[in-house]
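> sequence and predicted structure below; questions after.
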Amino acid sequence: MQTTSLRKGENTGLLTAPVVLTVSVQGLAADVSALLLGANGRVRTDDDLVFYNHPAQDGVSITGSAVTADLVRVPTDVDRLVVVVADPLQPGAVFTRAPILSISQTGSPTRSFTAPDFTSGETVAVLAELYRRDGGWKIRAVGQGYASGLAGLATDYGVDVESEPAATPVPLPAQGRQHSSSAWPAVDLSKVERLAPGLLSPARQAGKALADRDITNRRAAVYLILDHDWHMEELYESFAVQAFAERVLALSANLDDDGTVPVVFSSGREPFLEEIRLDNYRGRIGQLHTQVDWGWGNVADAMRRAIGHYQESGAADPAFIVTQVGDEPWDKAEVRSLLQNTASLGVFWLFVGFGRGKLAFYKNLNASVSASFTNVAFYDASKNPGSVPDERFYAGLVDAFALWLRH
(Lines give C-alpha, C1' and ligand atoms only; values in the text may rest on other atoms or scores of the structure.)
Protein backbone atom coordinates (compact mmCIF):
# COMPACT_ATOMS: atom_id res chain seq x y z
CA MET A 1 0.00 0.00 0.00
CA GLN A 2 1.33 3.45 -0.89
CA THR A 3 2.80 5.61 1.88
CA THR A 4 1.75 9.25 2.17
CA SER A 5 4.28 11.72 3.60
CA LEU A 6 3.15 14.54 5.86
CA ARG A 7 4.93 17.88 6.12
CA LYS A 8 5.49 19.69 9.38
CA GLY A 9 2.24 21.35 10.48
CA GLU A 10 0.14 19.30 8.05
CA ASN A 11 -2.86 17.33 9.29
CA THR A 12 -4.97 14.47 7.98
CA GLY A 13 -8.04 12.55 9.09
CA LEU A 14 -8.05 9.26 10.97
CA LEU A 15 -10.62 6.50 11.25
CA THR A 16 -12.14 6.10 14.72
CA ALA A 17 -10.30 2.83 15.20
CA PRO A 18 -6.93 1.61 16.51
CA VAL A 19 -3.93 3.47 15.07
CA VAL A 20 -0.27 2.52 15.52
CA LEU A 21 2.42 5.21 15.59
CA THR A 22 5.94 3.80 15.26
CA VAL A 23 9.04 5.91 15.91
CA SER A 24 12.60 5.41 14.65
CA VAL A 25 15.62 7.64 15.36
CA GLN A 26 18.90 7.42 13.49
CA GLY A 27 21.82 6.91 15.87
CA LEU A 28 19.74 6.89 19.07
CA ALA A 29 17.48 4.48 20.88
CA ALA A 30 13.86 5.60 20.79
CA ASP A 31 12.17 6.13 24.15
CA VAL A 32 8.58 6.73 23.11
CA SER A 33 5.84 8.05 25.37
CA ALA A 34 2.39 9.54 25.00
CA LEU A 35 0.37 12.16 26.86
CA LEU A 36 -3.42 12.21 27.16
CA LEU A 37 -4.58 15.82 27.38
CA GLY A 38 -7.85 17.46 28.28
CA ALA A 39 -9.39 20.45 26.49
CA ASN A 40 -7.12 22.76 28.51
CA GLY A 41 -4.01 21.18 26.95
CA ARG A 42 -2.92 19.49 30.20
CA VAL A 43 -3.08 15.97 31.60
CA ARG A 44 -6.01 15.08 33.82
CA THR A 45 -3.72 13.26 36.29
CA ASP A 46 -0.10 12.05 36.27
CA ASP A 47 -1.41 8.66 35.02
CA ASP A 48 -2.00 10.33 31.64
CA LEU A 49 1.73 10.06 30.93
CA VAL A 50 2.05 6.67 29.18
CA PHE A 51 5.64 5.35 29.09
CA TYR A 52 7.69 2.20 29.73
CA ASN A 53 6.94 2.27 33.49
CA HIS A 54 3.21 2.91 32.95
CA PRO A 55 2.59 1.35 29.51
CA ALA A 56 -1.20 1.67 29.21
CA GLN A 57 -3.92 4.17 30.03
CA ASP A 58 -7.48 4.57 28.69
CA GLY A 59 -7.00 2.92 25.32
CA VAL A 60 -3.44 4.17 24.75
CA SER A 61 -0.50 1.77 25.13
CA ILE A 62 3.26 1.65 24.55
CA THR A 63 5.10 -1.38 23.13
CA GLY A 64 8.76 -0.76 22.39
CA SER A 65 8.99 2.22 20.06
CA ALA A 66 5.32 2.15 19.08
CA VAL A 67 2.23 3.87 20.48
CA THR A 68 -1.14 2.22 19.88
CA ALA A 69 -4.22 4.35 20.38
CA ASP A 70 -7.63 2.66 20.23
CA LEU A 71 -9.59 5.79 19.43
CA VAL A 72 -12.92 4.13 20.24
CA ARG A 73 -11.78 3.53 23.82
CA VAL A 74 -10.26 6.95 24.49
CA PRO A 75 -12.50 8.74 27.06
CA THR A 76 -14.47 11.75 25.87
CA ASP A 77 -12.69 14.06 28.31
CA VAL A 78 -9.41 13.39 26.46
CA ASP A 79 -9.18 16.01 23.74
CA ARG A 80 -5.69 15.26 22.39
CA LEU A 81 -2.96 12.64 22.40
CA VAL A 82 0.67 13.75 22.07
CA VAL A 83 3.46 11.41 20.88
CA VAL A 84 6.89 12.14 22.39
CA VAL A 85 10.37 10.68 21.80
CA ALA A 86 13.63 10.87 23.79
CA ASP A 87 16.74 8.65 24.20
CA PRO A 88 16.51 6.23 27.18
CA LEU A 89 20.16 5.22 27.06
CA GLN A 90 21.63 8.70 27.04
CA PRO A 91 19.45 11.09 29.09
CA GLY A 92 20.02 14.57 27.76
CA ALA A 93 21.31 13.30 24.40
CA VAL A 94 20.82 15.88 21.66
CA PHE A 95 18.92 15.08 18.47
CA THR A 96 21.02 15.83 15.42
CA ARG A 97 18.75 13.99 13.01
CA ALA A 98 14.99 14.21 13.28
CA PRO A 99 13.00 11.09 14.28
CA ILE A 100 10.75 9.41 11.72
CA LEU A 101 7.12 8.64 12.55
CA SER A 102 5.10 5.97 10.73
CA ILE A 103 1.29 6.04 11.11
CA SER A 104 -0.58 2.78 10.38
CA GLN A 105 -4.30 2.12 10.50
CA THR A 106 -6.26 -0.77 8.97
CA GLY A 107 -8.26 0.46 5.98
CA SER A 108 -6.11 3.55 5.41
CA PRO A 109 -2.83 4.15 3.56
CA THR A 110 0.29 4.24 5.71
CA ARG A 111 1.45 7.76 6.47
CA SER A 112 4.85 8.99 7.57
CA PHE A 113 6.39 12.17 8.93
CA THR A 114 10.03 13.21 9.10
CA ALA A 115 10.52 16.50 10.93
CA PRO A 116 13.23 18.96 9.85
CA ASP A 117 16.58 18.22 11.53
CA PHE A 118 16.86 19.79 14.97
CA THR A 119 19.58 22.41 15.45
CA SER A 120 18.95 23.98 18.87
CA GLY A 121 20.13 21.31 21.32
CA GLU A 122 16.76 19.54 21.55
CA THR A 123 16.76 16.47 23.81
CA VAL A 124 13.07 15.59 23.52
CA ALA A 125 10.66 16.00 20.61
CA VAL A 126 6.89 16.09 20.18
CA LEU A 127 6.37 14.28 16.89
CA ALA A 128 2.60 14.41 16.45
CA GLU A 129 -0.69 15.10 18.12
CA LEU A 130 -3.98 13.30 17.58
CA TYR A 131 -6.96 15.52 18.25
CA ARG A 132 -10.74 15.46 18.06
CA ARG A 133 -12.42 17.36 15.22
CA ASP A 134 -16.10 17.36 14.16
CA GLY A 135 -16.91 14.09 15.95
CA GLY A 136 -13.86 12.27 14.59
CA TRP A 137 -10.08 12.30 14.92
CA LYS A 138 -7.24 13.94 13.01
CA ILE A 139 -3.47 13.80 13.32
CA ARG A 140 -1.08 16.74 12.97
CA ALA A 141 2.64 16.44 12.21
CA VAL A 142 4.31 18.62 14.88
CA GLY A 143 8.08 18.04 15.02
CA GLN A 144 8.67 20.42 17.95
CA GLY A 145 11.86 19.89 19.95
CA TYR A 146 12.42 20.76 23.60
CA ALA A 147 15.86 21.80 24.82
CA SER A 148 14.56 21.59 28.40
CA GLY A 149 14.26 17.79 28.31
CA LEU A 150 11.42 15.47 29.27
CA ALA A 151 10.99 17.22 32.62
CA GLY A 152 10.46 20.56 30.89
CA LEU A 153 8.02 19.12 28.38
CA ALA A 154 6.06 17.19 31.00
CA THR A 155 5.84 20.25 33.23
CA ASP A 156 4.38 22.23 30.33
CA TYR A 157 1.63 19.62 30.08
CA GLY A 158 1.02 19.48 33.83
CA VAL A 159 2.88 16.27 34.75
CA ASP A 160 5.13 16.04 37.84
CA VAL A 161 8.32 14.14 36.96
CA GLU A 162 11.75 13.73 38.52
CA SER A 163 14.49 15.89 37.03
CA GLU A 164 16.78 14.30 34.45
CA PRO A 165 20.51 13.98 35.16
CA ALA A 166 22.36 17.10 34.16
CA ALA A 167 23.81 16.78 30.68
CA THR A 168 27.09 18.19 29.48
CA PRO A 169 26.28 21.19 27.29
CA VAL A 170 26.66 20.39 23.61
CA PRO A 171 27.86 23.19 21.33
CA LEU A 172 25.22 24.11 18.79
CA PRO A 173 26.13 23.96 15.10
CA ALA A 174 26.48 27.24 13.25
CA GLN A 175 23.14 28.46 11.97
CA GLY A 176 22.38 29.29 8.37
CA ARG A 177 20.75 32.63 9.23
CA GLN A 178 23.44 35.28 9.35
CA HIS A 179 23.31 38.55 11.26
CA SER A 180 26.37 40.16 9.75
CA SER A 181 26.52 43.92 9.43
CA SER A 182 27.66 43.83 5.80
CA ALA A 183 25.89 46.53 3.85
CA TRP A 184 23.31 45.80 1.19
CA PRO A 185 22.20 48.29 -1.44
CA ALA A 186 19.54 50.66 -0.15
CA VAL A 187 15.98 49.53 -0.90
CA ASP A 188 14.44 51.23 -3.92
CA LEU A 189 10.86 52.26 -3.15
CA SER A 190 10.05 52.79 -6.84
CA LYS A 191 8.22 49.46 -6.77
CA VAL A 192 5.97 50.81 -4.02
CA GLU A 193 5.41 54.01 -5.98
CA ARG A 194 4.48 52.00 -9.08
CA LEU A 195 2.38 49.21 -7.56
CA ALA A 196 1.05 50.70 -4.33
CA PRO A 197 1.29 54.50 -4.35
CA GLY A 198 -1.07 54.63 -1.38
CA LEU A 199 1.64 52.95 0.73
CA LEU A 200 4.47 55.24 -0.34
CA SER A 201 4.11 57.64 2.60
CA PRO A 202 4.08 54.95 5.32
CA ALA A 203 6.90 53.10 3.52
CA ARG A 204 9.02 56.26 3.68
CA GLN A 205 8.17 56.70 7.35
CA ALA A 206 9.13 53.07 8.00
CA GLY A 207 12.40 53.67 6.14
CA LYS A 208 13.10 56.68 8.34
CA ALA A 209 12.54 54.58 11.48
CA LEU A 210 15.06 52.03 10.19
CA ALA A 211 17.55 54.76 9.28
CA ASP A 212 17.24 56.38 12.71
CA ARG A 213 18.26 53.03 14.20
CA ASP A 214 21.12 52.48 11.74
CA ILE A 215 19.66 49.40 10.04
CA THR A 216 18.69 50.96 6.70
CA ASN A 217 20.58 48.40 4.64
CA ARG A 218 19.62 45.27 6.55
CA ARG A 219 17.35 42.59 5.12
CA ALA A 220 14.72 40.39 6.77
CA ALA A 221 11.83 38.17 5.74
CA VAL A 222 8.76 39.81 7.27
CA TYR A 223 5.82 37.62 8.38
CA LEU A 224 2.46 38.63 9.82
CA ILE A 225 0.32 36.56 12.18
CA LEU A 226 -3.21 37.85 12.80
CA ASP A 227 -5.50 36.92 15.67
CA HIS A 228 -8.86 35.65 14.34
CA ASP A 229 -10.54 35.17 17.68
CA TRP A 230 -14.20 36.09 18.22
CA HIS A 231 -13.29 39.27 20.10
CA MET A 232 -11.48 40.57 16.99
CA GLU A 233 -14.59 40.57 14.78
CA GLU A 234 -15.31 44.29 15.24
CA LEU A 235 -11.72 45.22 14.38
CA TYR A 236 -11.88 43.24 11.14
CA GLU A 237 -15.20 44.82 10.21
CA SER A 238 -13.91 48.34 10.94
CA PHE A 239 -10.85 47.69 8.70
CA ALA A 240 -8.47 48.25 11.63
CA VAL A 241 -6.77 44.92 10.91
CA GLN A 242 -6.55 45.76 7.20
CA ALA A 243 -4.88 49.08 8.02
CA PHE A 244 -2.47 47.34 10.39
CA ALA A 245 -1.49 44.82 7.71
CA GLU A 246 -0.90 47.62 5.20
CA ARG A 247 1.53 49.32 7.56
CA VAL A 248 3.42 46.05 8.09
CA LEU A 249 3.56 45.60 4.30
CA ALA A 250 5.01 49.12 4.00
CA LEU A 251 7.70 48.19 6.54
CA SER A 252 8.42 44.97 4.64
CA ALA A 253 9.08 46.98 1.47
CA ASN A 254 12.12 48.42 3.27
CA LEU A 255 13.43 45.08 4.50
CA ASP A 256 12.61 42.75 1.62
CA ASP A 257 12.07 44.00 -1.92
CA ASP A 258 9.83 41.13 -3.07
CA GLY A 259 6.77 43.14 -2.04
CA THR A 260 5.12 40.15 -0.33
CA VAL A 261 4.30 39.34 3.30
CA PRO A 262 3.09 35.83 4.23
CA VAL A 263 0.04 36.13 6.48
CA VAL A 264 -1.07 33.46 8.95
CA PHE A 265 -4.52 33.71 10.53
CA SER A 266 -4.67 32.28 14.04
CA SER A 267 -8.09 30.84 14.79
CA GLY A 268 -9.63 27.92 16.64
CA ARG A 269 -9.07 25.64 13.66
CA GLU A 270 -6.06 25.08 11.43
CA PRO A 271 -3.84 28.13 10.79
CA PHE A 272 -4.66 29.65 7.41
CA LEU A 273 -1.63 30.89 5.45
CA GLU A 274 -1.87 33.27 2.51
CA GLU A 275 -0.05 36.46 1.51
CA ILE A 276 -0.54 40.17 1.05
CA ARG A 277 1.38 41.90 -1.76
CA LEU A 278 1.98 45.38 -3.07
CA ASP A 279 -0.15 44.56 -6.10
CA ASN A 280 -3.15 43.10 -4.21
CA TYR A 281 -3.17 44.72 -0.76
CA ARG A 282 -6.36 46.77 -1.11
CA GLY A 283 -9.10 44.97 0.82
CA ARG A 284 -6.94 41.83 0.93
CA ILE A 285 -7.39 41.08 4.64
CA GLY A 286 -11.15 41.42 4.32
CA GLN A 287 -11.14 38.96 1.42
CA LEU A 288 -8.99 36.43 3.22
CA HIS A 289 -10.43 36.48 6.71
CA THR A 290 -13.90 35.46 5.46
CA GLN A 291 -12.33 32.10 4.53
CA VAL A 292 -11.30 31.52 8.16
CA ASP A 293 -13.58 30.31 10.95
CA TRP A 294 -13.83 32.38 14.11
CA GLY A 295 -12.62 30.66 17.24
CA TRP A 296 -10.24 30.81 20.17
CA GLY A 297 -6.93 31.94 18.71
CA ASN A 298 -4.36 29.15 18.56
CA VAL A 299 -1.17 31.23 18.62
CA ALA A 300 1.26 28.30 18.95
CA ASP A 301 -0.10 26.58 15.83
CA ALA A 302 0.12 29.83 13.88
CA MET A 303 3.70 30.34 15.07
CA ARG A 304 4.62 26.82 13.96
CA ARG A 305 3.09 27.47 10.55
CA ALA A 306 5.14 30.65 10.10
CA ILE A 307 8.35 28.92 11.24
CA GLY A 308 7.72 26.02 8.87
CA HIS A 309 7.19 28.35 5.93
CA TYR A 310 10.35 30.27 6.77
CA GLN A 311 12.49 27.14 7.07
CA GLU A 312 11.10 25.65 3.86
CA SER A 313 11.80 28.87 1.98
CA GLY A 314 15.54 28.46 2.56
CA ALA A 315 15.88 32.19 3.27
CA ALA A 316 19.35 33.32 4.38
CA ASP A 317 18.05 36.53 5.96
CA PRO A 318 16.56 36.53 9.46
CA ALA A 319 12.79 36.36 9.93
CA PHE A 320 10.88 39.24 11.52
CA ILE A 321 7.54 37.74 12.58
CA VAL A 322 5.03 40.41 13.58
CA THR A 323 2.40 38.62 15.66
CA GLN A 324 -0.77 40.58 16.37
CA VAL A 325 -2.47 39.45 19.56
CA GLY A 326 -5.75 40.55 21.05
CA ASP A 327 -5.89 38.41 24.18
CA GLU A 328 -3.96 35.94 26.31
CA PRO A 329 -3.05 32.63 24.62
CA TRP A 330 -4.60 29.45 25.99
CA ASP A 331 -1.46 27.51 25.03
CA LYS A 332 1.07 29.54 27.03
CA ALA A 333 3.51 26.68 27.65
CA GLU A 334 3.68 25.89 23.93
CA VAL A 335 4.26 29.54 23.08
CA ARG A 336 7.15 29.73 25.57
CA SER A 337 8.70 26.56 24.17
CA LEU A 338 8.51 27.87 20.62
CA LEU A 339 10.16 31.12 21.64
CA GLN A 340 12.93 29.22 23.42
CA ASN A 341 13.53 26.82 20.56
CA THR A 342 13.68 29.49 17.85
CA ALA A 343 16.14 31.78 19.63
CA SER A 344 19.07 30.43 17.61
CA LEU A 345 17.25 30.08 14.28
CA GLY A 346 17.40 33.70 13.18
CA VAL A 347 13.77 34.39 14.13
CA PHE A 348 12.66 37.55 15.92
CA TRP A 349 9.14 37.70 17.39
CA LEU A 350 7.36 41.00 17.90
CA PHE A 351 4.00 40.60 19.64
CA VAL A 352 1.82 43.60 18.83
CA GLY A 353 -1.16 43.96 21.12
CA PHE A 354 -4.33 45.75 20.16
CA GLY A 355 -7.95 45.12 20.92
CA ARG A 356 -9.81 44.73 24.19
CA GLY A 357 -8.37 41.53 25.61
CA LYS A 358 -5.82 40.85 28.34
CA LEU A 359 -2.18 40.97 27.24
CA ALA A 360 -0.26 40.46 30.50
CA PHE A 361 1.33 37.22 29.26
CA TYR A 362 3.00 38.97 26.33
CA LYS A 363 3.89 42.07 28.29
CA ASN A 364 5.65 39.99 30.94
CA LEU A 365 7.58 37.59 28.72
CA ASN A 366 10.81 39.41 29.49
CA ALA A 367 9.87 40.66 32.95
CA SER A 368 12.01 38.01 34.66
CA VAL A 369 15.75 37.90 34.07
CA SER A 370 15.77 34.12 34.48
CA ALA A 371 13.02 33.63 31.90
CA SER A 372 13.92 36.31 29.38
CA PHE A 373 13.89 35.71 25.63
CA THR A 374 16.57 37.43 23.55
CA ASN A 375 14.51 37.23 20.36
CA VAL A 376 11.16 38.53 21.68
CA ALA A 377 9.57 41.94 22.25
CA PHE A 378 6.11 43.34 22.90
CA TYR A 379 4.55 46.53 21.54
CA ASP A 380 1.21 47.80 22.79
CA ALA A 381 -0.41 49.51 19.80
CA SER A 382 -3.46 50.60 21.86
CA LYS A 383 -7.06 49.57 21.26
CA ASN A 384 -6.96 51.24 17.83
CA PRO A 385 -3.54 51.18 16.14
CA GLY A 386 -4.87 53.35 13.32
CA SER A 387 -4.89 56.30 15.72
CA VAL A 388 -1.13 55.94 16.38
CA PRO A 389 0.91 58.32 14.13
CA ASP A 390 3.25 56.62 11.66
CA GLU A 391 6.40 57.88 13.38
CA ARG A 392 5.43 56.45 16.77
CA PHE A 393 3.94 53.29 15.25
CA TYR A 394 7.09 52.34 13.35
CA ALA A 395 9.31 53.20 16.31
CA GLY A 396 7.32 50.65 18.31
CA LEU A 397 7.67 48.09 15.54
CA VAL A 398 11.43 48.33 14.95
CA ASP A 399 13.06 49.46 18.24
CA ALA A 400 13.68 46.00 19.73
CA PHE A 401 14.19 44.39 16.32
CA ALA A 402 16.99 46.84 15.51
CA LEU A 403 18.67 46.14 18.83
CA TRP A 404 18.47 42.39 18.19
CA LEU A 405 19.92 42.76 14.68
CA ARG A 406 22.90 44.75 15.93
CA HIS A 407 23.73 42.05 18.51
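Cool, got the structure.

> okay, and the closest residue to I321 other than its chain neighbours sits in which element?
Leaving aside its chain neighbours, I321 sits nearest to Y223 (4.3 Å; criterion: CB to CB, 6 or more residues apart in numbering). Using the backbone N, CA and C atoms, a C-beta is placed for each residue, glycine as well. According to DSSP states H and E, Y223 maps onto strand 221-227.

> what pairs with that strand, and is each one parallel or antiparallel?
The pairing partners recorded for strand 221-227 under DSSP bridges are strand 260-266 (parallel), strand 319-325 (parallel).

> chain center to the last one: distance?
In this case it means strand 319-325. Strand 319-325 sits 10 Å away from the centroid of its parent chain (CA atoms, centre = their mean, to the nearest Å).

> and the helix or strand following it, how far out from the chain middle?
Sequence order places helix 332-341 as the next helix or strand after strand 319-325, per DSSP H and E. Centre-to-centre, helix 332-341 and its host chain are 8 Å apart (CA atoms, centre = their mean).

> and the helix or strand just after helix 332-341 with helix 332-341, angle?
Using DSSP H and E, the next helix or strand after helix 332-341 towards the C-terminus is strand 347-353. Calculated by axes from the mean of the first three to the mean of the last three CA atoms, to 10 degrees, strand 347-353 forms an angle of 140 degrees with helix 332-341.

> pull out the buried positions in the helix or strand just after strand 347-353.
Note on strand 347-353: by DSSP H and E, the next helix or strand toward the C-terminus is helix 360-363. Neighbour-count burial for helix 360-363, with 16 or more other CB atoms under 10 Å as criterion, is recorded at F361, Y362.

> can you list contacts of helix 360-363?
Taking contacts as CB atoms under 8 Å, 6 or more residues apart in numbering, the residues outside helix 360-363 that touch it are V325, E328, P329, K332, V335, F351, G353, F378, D380.

> surely the third one touches A300?
This points to P329. Yes - between P329 and A300 a contact is recorded at 7.0 Å, counting by CB atoms under 8 Å.

> so what sits against both of the two?
Residues touching both P329 and A300 by CB under 8 Å, 6+ apart: V335.

> which helix or strand contains the residue in the chain sticking out farthest from the centre?
Distance from the C-alpha centroid of the chain, by CA atoms, centre = their mean, peaks at R194 (34.2 Å). Following DSSP H and E, one finds R194 within helix 190-195.

> buried sites along that helix?
For helix 190-195, a neighbour-count test (16+ other CB under 10 Å) marks K191, V192 as buried.

> pull the distance from the next helix or strand after it to the chain's centre.
Once helix 190-195 ends, the next helix or strand along the chain (criterion: DSSP H and E) is helix 200-212. From the chain centre to the centre of helix 200-212 is a distance of 28 Å (CA atoms, centre = their mean).

> helix 200-212 - contacts with which helices or strands?
helix 190-195, helix 240-255, helix 390-406 (3 or more CB pairs under 8 Å, 6 or more residues apart in numbering; DSSP states H and E).

> G107 is nearest to which of those helices?
helix 240-255 (43.2 Å; CB to CB).

> quick check: which helices or strands does the closest one pack against?
Counting by 3+ CB pairs under 8 Å, 6+ apart, the elements that helix 240-255 packs against turn out to be helix 190-195, helix 200-212, strand 221-227, strand 260-266, strand 272-277, helix 284-289, strand 319-325, helix 390-406.
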